[in-house]
Each structure stands twice: as C-alpha cells, then as structure tokens.
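Engineer: Predicted structure and sequence below. I'll ask about it afterward.
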Amino acid sequence: MSGPPAARVAERGSGPVEGVLADAGVWEEVRRLARAVDARLEAAGARLTIGWEPTFVSASDRQSRHWWVEPLAPEKLVAARALGRALARRWAPGGVLVEARGKAYAGEAEPRWTLACVWRRDGVALRRGRTAHGAHGAHGGHVAHAGHGVARDAAAPDPRRFLGTLADRLGLPRYHVIPLFEADAGATGAPAGFVLPLGGGEPWRSEAWRLPEGPLTLQPGAAPAGFRLPRGRIAATGHRLVRGVAAEVFGGRLRVCLPRTRDPRRWFALVVAVELTASELAMPVTLAGHAPRAGPLAGRFDVAPDPGVLEVNMPPAATWDEWEARVTDLYEAAAEAGLDTRRFLLDGRAVGTGGGGHLLLGGASPGDSPFRRRPGVLARMLAYWHDHPALSYAFAGAGIGPYSQHPRADEGRRGAVAELEVALAELIAGRTEPHAALRHVLVDPAGNAHRAEFCIDKLGPPMRKGGLGGLLELRAFDTQPTARLSLLVHLLVRALFAWLWRAPRPARLERWGARLHDAFMLPEVLRADLDAVLADLAAAGLHFDPAWFEPLWEARFPVLGRAGAEGVGLELRAALEPWIALGEVAASRLVDSSIERLQVRLVGPRAPACTVRCNGHPLALRGLDQAGRDRGLGVRYRAWEPFDGLHPGIAPHAPLAFEVIEADGGPPLVHCHYHTRAPDGVDYPCYPPDAEEAARRRAARFTRAPQRDPDDVARTARPLPTAPEHPFTADLCRAALERMER
C-alpha cells in the first residue's frame, strides 16, 4: 500500500492543508454524498441529530501551563469571551453571554465557570437600547460589540446606583438594595457589591432582607457574588425570596449576576431590563449567574475550560447543510479569537489539542432519540466499531488505550467482550433498555462509564430527568486541523449510522486480544482496516474516496523521515502507543508517556530482498497489508527519561540508528538516525512558538549517517527477544532480556 503523494500534503500554519478536499469540485462530491446520507436518514425516519464538543488552544501562547495542563486561568476566560462573541455574531445575533456555573470536580474548591451564550429561538433580540446599536460597545454581556471598548460617555461602574435604577424599572423599592461584604472584611470595609432580592410571579416582587446578627457576608471564593450568597442564612431568618440580582465591580467593569428562574421567559425579561438599565446609565455590564438550558424557547451554546484547552459545546443540527455551515463558522470564529486546533511538542511534532472532540448523536428531544426508538442501531454500532479498530484509533488523540479518555470495551475489564455479546443480544431482543443493558459493560478498567469510548452517561434511563437527553457520546475523536477534515469524519459517522440502521449485526464479536495493541498500533494496518470500512459503505451505495482521508492520515501519522538508495527506500512514520497507568498512582491516572512507537516500512522494487536493523538489531519485517507486499514493523522504544516510569533502569534509546541491508549481506544500502530529542543533546528551551520552528525541529531530528563497516554491523547485530503475542512489535526495552541470555 503506497503512501500519499508528497505534493498533496504540505504545511500551512499549524497543520496540514486539506489535500484534495480543498478542491471545490471534490468538496462538492462530498456534499452530494452528505445529502444522500441525509435522504437515507429521512427515508428511514431516523431523525438523527449531531452535536460536537471540539477543543481549542491558543495560537500565540504556546508555553503557558493553562494551555497544556491546567484548567483555569484569567487568560482563558478572556479567550473564551473572544470566541463566544465571534460565535454569537454568527449563530445568535441578539443573544447575550453569561458567565455561568460549570462542572464541579473533586479536589477543586469551586465549580468551574462556563461561558454560556443564550438567545431567543423566536428571533427577538435580548440586547436592547443603546447597547444594541453599539453606543458603549460590549464586553461579555453585550455579545455583538465586545472588543470595541467602552465609549467616552460611559459612567463609572456603581453597583448600588445600577441596582437602584433596575429596581425602578421593575417597579420595586430602591431601599431593598442591600450591601454585600466579603467574610474576611466585615462591615467596616467597603461593600464587595450589592444585591436586589427578587422573586417570581407577575409583577416582579421583592422584599427587604433583614439579618439581625449582622451584615450580609458572602461565602468565601472567587466566583461571582450571586453564586456566593449565604442562602441558608437568609432562609433561616424567614425570608422566602432567596434569589437575587447581585452587582459588583470586577476587572474595572460592572458584573451583574442573574438569579435562577424556572421560566425562560422570565429570564429573558430580566436580561432585557438589565440591558435597558445599562443603556440608560451608559454603564456597560458583564453578565454572570444562572442561564436557562437549551430548549424550545431558548437556544444555547457554551465555551468551557478543561485542562489545557477551551471546549465548545455546540448546539446540535439535524441536516448536513446546517451542520456544515455551523462547523465552518466555528473554525472561522476560533481563528478570529486567536485559537488553534493543534499544539507542538518539544521535539516539534504537531499533535491535536489533547482535549478531544467528542461527537454527540441523538434526537430533537430525549423521547425522540433514535437510540430509544430503535435500540438495535446502538447494538450494531457497538459491534461494528468493535470489529474495526480503525474507528477507535484513526481519528483519536495521542492518548489511547485502557487508561485513556476513551478505552474500547475490550481494553477494559477481563471478559468484557463475552459480556458485551450478551448485552447486545439482550438489547436487540428488546428485553432491556439501552442504559440498563450497557452501563456496567461500557466502562474503563476502573469501572468508570464516563471514560468509555461509547459513553452512555447522556443517554440515561427514560425515567430520569436533568440533562439526560437520549444522547450517545462517541469519545474516540479528536478535533481535526480544519473544518473540512472534521466534517469528513462527521460524515463518515453519519453514513455508518445510516447504513447500520438496518444492516445485520455480526453473530460474534472479534477476539482481537494482543493484536489490538500490536498490529493495530501501526498506521498501515489501520489504513487497511479503514479501507475495509469504506468498502462496506461503498457496497451499500455510499461511496467515500479513500483519497479524501489522506491529509487526515498525514496529520495523525506523520512521516518522521525518509531515506533511500537505488531501488529501495526506508520510511519512518509515527505509530500509536497505548496509555497504561503506573502503579501506586492509578488514582491520578499517571502514565509513562516516555515510551513511544514508530512504524518502519520498506518500499521499492528491491525491498523484498532487503532487511532493516535498528540499533544493530535485525527486524523481522512482516506484511502490513492483506497481500503481504507492504513490509514493515513497529519499533517500541524509550524516547526520554521520565522522573518515574516503567523500567526505570532502561535509558532512552537515542538516537535510533536504522540500516537497510541486503538479505545476502554486504554494506548497508541506507544508514540514518532518528533523534528522539535535539541532535546536539541539548534540551529545547521551550515549546516551539510557531509552526515554522516546529518544522525545523522535526527536520533536524532525522539525519542520514555515513555507512558503517560491514564487519562492525555483523559483530553488533543480535535479534531482539520477541514477545510471542506481539509479532508486529520490536521492543527495544526487551534488549535487557538479551543481555541476560548472553
């Protein structure tokens, strides 16, 4: 199987160009196929929706920890606002941004924030007054004009005055506005903010909070004041209206924290009142607090922080045309906000964000989910994904395996494949509903269902409420470098769903066993498996051109180096290495990422008569395609020395020396080195600041070395002791066994 022509893959910015997909005629072919898939879904009555949770990193700040490992930082909120504003202009004109409360995680003092953009589905704008026309710009609350700054006539932020004017607008007494104090400051210091107690019903109601034991002090923390009201203390005094609009000065601006309301229409009315008050006082505001969920009345998307990335929770779409426009908008908005989908490792390798790009499949409502109406399609998807590991590995991020964020069922507990077969049979027979049948089977080795490749957290049992929207989350997908590459992956999933809606299920699941982390770690084996998937779709009348996937392949498995002589060439390409948790620290999911793998491949007419040595060890090359013509092997090695890792006595195998030698002996035809670090041995001082520096580092790490003396080759060449269960992997770590056998 030959690799893609070099001319089709080039560097542009931080990732590969779109290859043949950049051609307008080719992309129109993709669109025709996508609309044919839509027609099949409509004819079948599937009513499938697709959502997405792509992740982004900074395009300019390649060094800061919060763009690598940490979830929170002030700079992330600034970037989230820039992205939220850019998306709101495209998806939600007239909507507002709200700094809402996000997820709570163990070990973190407070829930994280999430930046929610909310709009009215009937098209009525929430921005009103002068702010709707850009009189004093917008920065957070007024989503359409943030970044223009505050107008010269803007008043200094005064939270008491603002809430007093808001009370007038709502027909409430001004004297109900009371000060708020930080707990460590007491009433002797300046107020941290003010609150207007607010209740539901028509018209607006309020009451004076009187706390005989002292001033109203906020709970400790850094969240907006409205989240830190001492609700228990207020309720203990007999006050029923425990909700309130809080206002404070934050970052030199007025931050207004909105209370929770049951009816989205009440929330809309309150936002309009806040907007009109801000316009009247020429006092720009940033909105925070509670925001309604997406539903028939309210549209919503979120930008949320995660370790090292920003995640966008996109609103779902039911048709390809709508989805294509939305994904294209997203990439344009991300570029406008200074965000990227690729990061660079110290050695210059370009990888995905590391935060994932999970797909969400479902219906317009929980009850209309195709997985609830026709559970058999979920069973067939699970079986097909299981039998084709390319769907688990080809489009994922760097971390795969049992302790990644999306392990397969057969990477989890022992005996899981047999249990999965029973669960699928029960599901197809209709004897149990999907969540009950699968929730104890689709788990990682620790029993965590959220980290499974097929995550059914959001599918939920029918009787439960609260965010369980009949959604299937496919987690083994990374955010691809460009919009069209992402759309191609999404189309592949939609096409497989359309075909599997009625396709037969295999009677028995494959037992991949050790082959899963051996042969299927190699790019060419995965490519052959993906070709088999495309052949199945073609037989069903859905034709994907394999050439469309070439740039995706180059991004996922980049060439590390090529060298050749007359009639034979050596190619080194990045391969996969599964994540395995280290002992005693499994709770923190620490893995040894110093162990890496690459694919060695011989090409050319003289290749069958040649062999390859790595660091003096002959490699038992194997056929990588079904015909056995494409010969190669995986080489597993230690790239660098970790502070803690597997086999601490094994030093890095750097550099890796490769030689191509004719089978009947003679001097090396090709001799080259692959350096796992800087060739001069000096550590790189920082991450590559841009794509150009990353490319320079990658190029410098592959060198063509002079030929060695053939007698020296013969003296040092010793076969590696092989693990029988891993015939496609030459493991340099096992050279320790060779030393024992001498």
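Structural biologist: Thanks, I have it.

Engineer: State the distance from residue 516 to residue 574.
Structural biologist: To residue 574, residue 516 is 18 Å away according to CB to CB, to the nearest Å. For every residue, glycine as well, the C-beta is placed using N, CA and C.

Engineer: So what touches stretch 217-237?
Structural biologist: In this structure, residues lying in contact with stretch 217-237 by CB atoms under 8 Å, 6 or more residues apart in numbering are 99, 101, 109-111, 113, 180-184, 186, 192-193, 195, 209-212, 216, 242, 244-248, 250, 255, 257-259, 288-289.

Engineer: typo on my end, stretch 438-457
Structural biologist: Residues from elsewhere that reach stretch 438-457 (CB under 8 Å, 6+ apart): 358, 378, 381-382, 385, 392, 402-409, 411-413, 416, 419-420, 423, 427, 434-435, 468, 472-476, 586.

Engineer: What segments of the stretch 51-200 of the chain are strands?
Structural biologist: Using DSSP state E, counting those that start in this stretch, the strands of the stretch 51-200 of the chain run over residues 96-101, 113-120, 178-182, 193-197.

Engineer: Looking at those, which is nearest to residue 625?
Structural biologist: strand 113-120 (46.4 Å; CB to CB).

Engineer: quick one, the closest one and strand 96-101 angle?
Structural biologist: 140 degrees (axes from the mean of the first three to the mean of the last three CA atoms, to 10 degrees).

Engineer: What is strand 113-120 packed up against?
Structural biologist: Here strand 113-120 touches helix 74-91, strand 96-101, strand 298-306, going by 3 or more CB pairs under 8 Å, 6 or more residues apart in numbering; DSSP states H and E.

Engineer: looking at those, which is closest to residue 536?
Structural biologist: Comparing those against residue 536 with CB to CB, the closest turns out to be strand 298-306 (34.3 Å).

Engineer: can you pull the contacts of the residue lying closest to residue 706 once chain neighbours are set aside?
Structural biologist: Spatial nearest neighbour of residue 706, chain neighbours left out: residue 671 (6.8 Å); criterion: CB to CB, 6 or more residues apart in numbering. Residue 671 makes contacts with 563, 657, 658, 659, 660, 704, 705, 706, 707, 708, as judged by CB under 8 Å, 6+ apart.

Engineer: Check residue 21 too.
Structural biologist: Residue 21 neighbours (CB under 8 Å, 6+ apart): 27, 30, 484, 485, 488, 548, 551.

Engineer: In the stretch 601-742 of the chain, where is pLDDT below threshold?
Structural biologist: 626-628, 707-717, 738-742 (pLDDT under 70).

Engineer: Would you map the helices across it?
Structural biologist: Ranges of helices within the stretch 601-742 of the chain are 691-700, 710-716, 735-741, based on DSSP state H, counting those that start in this stretch.

Engineer: next one: stretch 728-739 to chain centre, how far?
Structural biologist: Remark: stretch 728-739 is offset 35 Å from the chain centroid, using CA atoms, centre = their mean, to the nearest Å.

Engineer: Stretch 101-110 too?
Structural biologist: Offset of stretch 101-110 from its chain centre (CA atoms, centre = their mean): 19 Å.

Engineer: which residues sit against that stretch?
Structural biologist: 71, 111-114, 221-223, 227, 290, 302, 304-305.

Engineer: pLDDT on that stretch, on average?
Structural biologist: The average pLDDT within stretch 101-110 is 90.
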